[in-house]
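Enquirer: model this:
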Amino acid sequence: MKTSHTPQSATSLPRAPRDEAHTRMTKYFVMMSVRVACFVLMVVVTPYGWYTWLFALGAIILPYLAVVVANVSSGRGQGGAVSPERSLPAAPAASTPPPSGVIRIQESDPTGPDPQ
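Expert: Here you go, the predicted model:
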């Protein structure tokens, strides 16, 4: 039974945790900045009208949305785990025979005569 073996690509790896955290913090910061802008506009813009309620709604709802959006994973690169065994050959390669000679290594006797 022969199966096709394709090498594993480094681009199929998931994003680094540091990069993922940076992306989530950026999304959260942008949404909370919009919330602060909504709050300021709600107080500053006069005369009050329907848009005041729109700014208030943004100031109330955006914190929840910011947390949800920041914690949602991107979903890219999270395919199934790839077994490293799939890239191994089906049968072991023929190895070279061990050398026929025997090599002996002995230490000199420290109490014996000096070999000089």
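
Enquirer: Report the buried residues of the biggest helix by length in the chain.
Expert: The helix that spans the most residues within the chain, counting by DSSP state H, is helix 17-44. By 16 or more other CB atoms under 10 Å, the buried positions in helix 17-44 come out as 24, 28, 31, 35, 38-39, 41-42. For every residue, glycine as well, the C-beta is placed using N, CA and C.

Enquirer: Report all helices and strands that it contacts.
Expert: With contacts taken as 3 or more CB pairs under 8 Å, 6 or more residues apart in numbering; DSSP states H and E, helix 17-44 sits against helix 50-71.

Enquirer: and the helix it packs on with helix 17-44, angle?
Expert: Following axes from the mean of the first three to the mean of the last three CA atoms, to 10 degrees, one obtains 170 degrees for the angle between helix 50-71 and helix 17-44.

Enquirer: ok, and what's touching helix 50-71?
Expert: For helix 50-71, contacts defined as CB atoms under 8 Å, 6 or more residues apart in numbering pick out 24-25, 27-28, 31-32, 34-35, 38-39, 41-42, 45.

Enquirer: CSV for the buried residues of helix 17-44, including distance to Val67?
Expert: Listed next are those as CSV, based on distance: CB to CB, whole Å:
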residue, distance to Val67
Arg24, 10
Tyr28, 7
Met31, 9
Arg35, 11
Cys38, 16
Phe39, 17
Leu41, 22
Met42, 21
